[in-house]
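Participant: just a sequence and a predicted model for now, questions to come.
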Amino acid sequence: MKRFRGQGTRRSVLKMVGAAAAFGSVMGASAGAADTHPPVNVVINQSPWLAGFAAIADYYEEDTGNQVTLDVNPYAGSLEKQRNAVRSAESEYDLLIINGIFYPEMYHGGFLEPLQNIRADFDLDSQVYEYGGTPWFNADTKSIGKDAGDLLTVPVNPNITLLFYRKDIYEENGWSAPTTFEEMASNARTLHNPKKFYGIAQRAGRATVSITWDFLPYIEGHGGSYFRDSDGGDYFVTINSEAGRTALETYVGLAKELGPENSANLTQGDLIQLLVTGKLLHTVLPAAAWAQMDDPNKSAVVGKIGYATLPAAEGFASTPALGHWLGGIPKNIPDANKQAALAFLDWFQKPETQIKYAELGGAPVSAAAYESDFADLPENRYMQAMRVAAPLAKGMWTIPEGAELASVMELGLNRAVAGEISVVDTLNAMAADLEKVLADAGYETGRLPDLK
């Protein structure tokens, strides 16, 4: 059974691992065929996809005889432990599970060992999604992309947002999954009944990154953006555009009209709880939350939840938020530990492992899993939505100042949903603060004129 580090985490995670294992039978072990490596210490966050990852790490031990230990932490705690580890004389962790929002901090800081320095013939499996080229980084040009430079990480979880909705209620009304915000709002308005269930709930509680990530599909889906071209390195601030105004008015309006009274405080855990208890018609969650929807020990809506790529305003494209997770190996560990961590990543990315990961309740990162027969089973319908959503997903930034940018937006967006400040004042204030963060960090930036 998986070994865990940290107080108060072992018992709860072991329960999740046991539940996840029910999703598939364990294939025959082949430990004799594997190389022997030192134990791999992994720092990871507590999340809806932890049970699946813990289960596949357990299976790694059964399949190879090599040990993996998970140090499980809250989101912010995991980030802080990683920051401390890579700056110490020797990292206590051999594998860092790095969020796709904060990976630039590790890349730009030069803290990760290029994987082909560990094993020259190593490469990303051809069926693993590249998630905007984020596994690669060029330290000279400070750019990401397959053609940019070194392979620094292997994706371990897609963490793409999907629309979760009550498929059974939609079918009763003869509706298909909504493709526009207008359609979703109309359906939610028609059925909203707080005594029975809410029409929609959205994350708005302030955290390390919460509402900032969940609002991205709204502004992009209205033709706007946080920055002019973050993927291309252009950080001129555009959050206070007319499209931004419409998007935030939509987000705030849905929360006030069709959500719970405490909408400004809702966390991801709250959304999951509302959904599995049958109190919610629509919400947006990372794909990995699907495993809890059909767990009879947790859910009152088994088989009733549908999944779809996120809506957009009429005439604009769906843009799921990309907050994937990447496995990276720190430079400041012994060579034997680097080899051990890479052996796990290499095993993890193989097509057969990725299919097993899906069977164990994880969210795979490989087309091999999403295009397998397993993905076509009715109980795995989230995987069918992921086929559509994965190529559309977009990240928020590729620079190491992400924590400061998120801090500005978490405060501003939360206050707007809470009604403490108007939409226009929120957007103008955030634009000014974002411009200052970027300018102080030495970027060529600017911002749109204030909205009136």
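Facilitator: Here it is on my side, so go on.

Participant: tell me the centre residue of the protein?
Facilitator: N159 (2.9 Å; Cα atoms, centre = their mean).

Participant: quick check: that residue vs D150, distance?
Facilitator: 23 Å (Cβ to Cβ, to the nearest Å). C-beta here means a position set from N, CA and C on the backbone, and glycine is covered the same way.

Participant: before we move on, what about E183?
Facilitator: Using Cβ to Cβ, one obtains 44 Å as the distance from E183 to D150.

Participant: can you check G65 too?
Facilitator: 30 Å.

Participant: cool, A255 as well?
Facilitator: 43 Å.

Participant: these two - which one has more neighbours?
Facilitator: Neighbours were counted for A255 and for D150 using other Cβ atoms under 10 Å; A255 has more, 23 against 17.

Participant: ok, the closest residue to A368 other than its chain neighbours - contacts?
Facilitator: Spatially, and ignoring its direct neighbours in sequence, A368 is nearest to P351 (3.5 Å; Cβ to Cβ, 6 or more residues apart in numbering). By Cβ atoms under 8 Å, 6 or more residues apart in numbering, the contact set of P351 is 125, 127, 366, 368-369.

Participant: repeat the analysis, applying 10 Å as the threshold.
Facilitator: 125-128, 364, 366-369, 371-372 (Cβ atoms under 10 Å, 6 or more residues apart in numbering).

Participant: just the buried members of these?
Facilitator: 125, 127-128, 364, 366-369, 372 (16 or more other Cβ atoms under 10 Å).

Participant: give me the three-state assignment for the closest residue to T283 other than its chain neighbours.
Facilitator: When the adjacent residues along the chain are set aside, T283 lies closest to L271, with 4.7 Å between them (Cβ to Cβ, 6+ apart). Following DSSP: H, G, I helix; E, B strand; the rest coil, the label given to L271 is helix.

Participant: so how far is R381 from L271?
Facilitator: From L271 to R381 the distance is 19 Å (Cβ to Cβ).

Participant: what's the answer for E220, then?
Facilitator: 25 Å.

Participant: quick one, which of those two is more surrounded?
Facilitator: More neighbours surround E220 than the other of E220 and R381, with 25 against 19 (other Cβ under 10 Å).

Participant: count the residues that sit near the nearest residue to A441 once chain neighbours are set aside.
Facilitator: Leaving aside its chain neighbours, A441 sits nearest to E401 (5.1 Å; criterion: Cβ to Cβ, 6+ apart). E401: 20 surrounding residues under other Cβ under 10 Å.

Participant: which pLDDT does the model give E401?
Facilitator: E401 is assigned 95 on the pLDDT scale.

Participant: who's in contact with it?
Facilitator: 104-105, 108, 235, 407, 434, 437-438, 440-443.

Participant: nearest to S88 among those residues?
Facilitator: E105 (15.8 Å; Cβ to Cβ).

Participant: now do the SS call for Q82.
Facilitator: helix.

Participant: tell me which of the contacts of E401 fall in helices.
Facilitator: 104-105, 108, 407, 434, 437-438, 440 (DSSP state H).

Participant: check which element follows the helix or strand of the chain with the lowest mean pLDDT along the chain.
Facilitator: Lowest by mean pLDDT, DSSP states H and E among the helices and strands of the chain is helix 10-21, with a mean of 37. Next along the chain after helix 10-21, taking DSSP states H and E as the criterion, comes strand 40-45.

Participant: and that next one, what other elements does it pack with?
Facilitator: Using 3 or more Cβ pairs under 10 Å, 6 or more residues apart in numbering; DSSP states H and E, the elements in contact with strand 40-45 are strand 3-5, helix 50-64, strand 68-73, helix 75-87, strand 95-99, strand 153-157, strand 325-328, helix 335-349.

Participant: average pLDDT across the first one?
Facilitator: Pointing back at strand 3-5 there. Mean predicted lDDT for strand 3-5 stands at 57.

Participant: wait, W175 sits on Y165?
Facilitator: Yes - with contacts counted by Cβ atoms under 10 Å, W175 reaches Y165, the gap being 9.4 Å.

Participant: any common contacting residues for those two?
Facilitator: Here W175 and Y165 share the contacting residues N187, scored by Cβ under 10 Å, 6+ apart.

Participant: tell me, how many residues neighbour E182?
Facilitator: Other residues close to E182 by other Cβ under 10 Å number 14.

Participant: for it, give its distance to G253.
Facilitator: E182 is 12 Å from G253, by Cβ to Cβ.

Participant: would you mark the buried spots in stretch 340-350?
Facilitator: For stretch 340-350, by 16+ other Cβ under 10 Å, it's 340-349.

Participant: reformat the residues you listed as a markdown table; add distance to E61 and pLDDT.
Facilitator: What follows is the buried residues of stretch 340-350, written out as a markdown table (distance: Cβ to Cβ, whole Å; pLDDT from 0 to 100):
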| residue | distance to E61 | pLDDT |
| --- | --- | --- |
| A340 | 12 | 98 |
| A341 | 14 | 98 |
| L342 | 17 | 98 |
| A343 | 12 | 98 |
| F344 | 10 | 98 |
| L345 | 15 | 98 |
| D346 | 16 | 98 |
| W347 | 11 | 98 |
| F348 | 13 | 98 |
| Q349 | 17 | 98 |
